[in-house]
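K.L.:
predicted structure and sequence below. I'll ask about it afterward.
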Amino acid sequence: MENENGKRPSSEIASGSENEIPRIDFVYTGQQPADIPRDITHLQIDISSVTTIGKEAFKDCSQLVEVDICEGVEVIETRAFDSCKLLKRIRIPSSCKVIKKSAFSRCEKLEGVELCEGIEEIGSYTFWGCTLKSITIPSTLRSIKGYSFPHCPLETIVLTEGIEKIEKEALRDNDAIKSMSFTLLSCSLEGDYERHSLC
């Protein structure tokens, strides 16, 4: 049963850290950051009442290991999941059009991100300091803004048809990149990407 803040205590154990922690479920219905517990481990978005995940809504939820962002969410606001240090994977649904600045920055264990067709804008520093090794950019995203993926150990980037521009410093300090795969040739590169393999 949920309490008034949408929090569901549970006796289950959440995995994702060296020390086992009690599982604590939370249903987000648009609460303000001050009303959201920082110790939640599993998050579900109530799509009947939420189209936008608010600014800094889950910032510093350091025990959050799982997030279910369902179809219906359209915007992920600035620093919504900043410093969720145990979060490993995230799927951005096709209904989501905008991910704002630093939404997932400093998520140190975030190694898997699925961007579905439909995303149109990714803000600067969105994935700063994450542990992504590969990313596929959907065709609905026209440009990759500066500092979108800084300090990530990216090895492979797949750019599907539709991408038009990669802004300067979009991939800053990504020395591990082995390949950038294009499905089209009309992509403007503003930074120094010549050392990467473009095909």
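P.N.:
Okay, I see it. Numbers count the residues shown, from 1 in each chain.

K.L.:
what mean pLDDT does stretch 141-149 have?
P.N.:
Mean pLDDT, stretch 141-149: 87.

K.L.:
buried stuff in it?
P.N.:
Across stretch 141-149, burial judged by 16 or more other CB atoms under 10 Å covers 141, 143-149. C-beta: built from backbone N, CA, C; applies to glycine.

K.L.:
run the chain-centre distance for it.
P.N.:
Between the centre of stretch 141-149 and the centre of its chain there are 13 Å (CA atoms, centre = their mean, to the nearest Å).

K.L.:
quick one: residues in contact with it.
P.N.:
115, 119-128, 132, 135, 137, 162-172, 174 (CB atoms under 8 Å, 6 or more residues apart in numbering).

K.L.:
identify those among the residues you listed that sit within strands.
P.N.:
115, 121-122, 135, 137, 165-166 (DSSP state E).

K.L.:
can you say which of those residues are buried?
P.N.:
115, 121-122, 135, 137, 166.

K.L.:
picking that back up, and of the buried residues of stretch 141-149, the nearest to D68?
P.N.:
Using CB to CB, L141 comes nearest to D68 of those, at 22.5 Å.

K.L.:
is it correct that T131 is in contact with G112?
P.N.:
No - in this structure T131 lies outside contact range of G112 using CB atoms under 8 Å: 9.3 Å.

K.L.:
and the end-to-end length of stretch 53-65?
P.N.:
17 Å (CA to CA, to the nearest Å).

K.L.:
just the pLDDT at G118, thanks.
P.N.:
G118 carries a pLDDT value of 96.

K.L.:
what's the nearest residue to it if we skip its chain neighbours?
P.N.:
Residue nearest to G118 in three dimensions, not counting chain neighbours: S94, with 3.7 Å by CB to CB, 6 or more residues apart in numbering.

K.L.:
same question for D60.
P.N.:
Nearest to D60 is S83, by CB to CB, 6+ apart, at 4.9 Å.

K.L.:
list the contacts for the one you found?
P.N.:
59-60, 62, 105-107.

K.L.:
among those residues, which lie within strands?
P.N.:
Going by DSSP E, the strands hold none of these.

K.L.:
out of the residues you listed, the closest to I47 would be?
P.N.:
K59 (21.6 Å).

K.L.:
distance of the closest one from S48?
P.N.:
24 Å (CB to CB, to the nearest Å).

K.L.:
also C84?
P.N.:
In terms of CB to CB, C84 sits 24 Å off from S48.

K.L.:
and for P138?
P.N.:
26 Å.

K.L.:
show me the residue at the heart of the chain, geometrically.
P.N.:
Compute the mean C-alpha point of the chain, and by CA atoms, centre = their mean the closest residue is F104, 4.7 Å away.

K.L.:
give me phi/psi at that one?
P.N.:
Phi and psi for F104, reported as degrees, to the nearest 10, are phi -120, psi 20.
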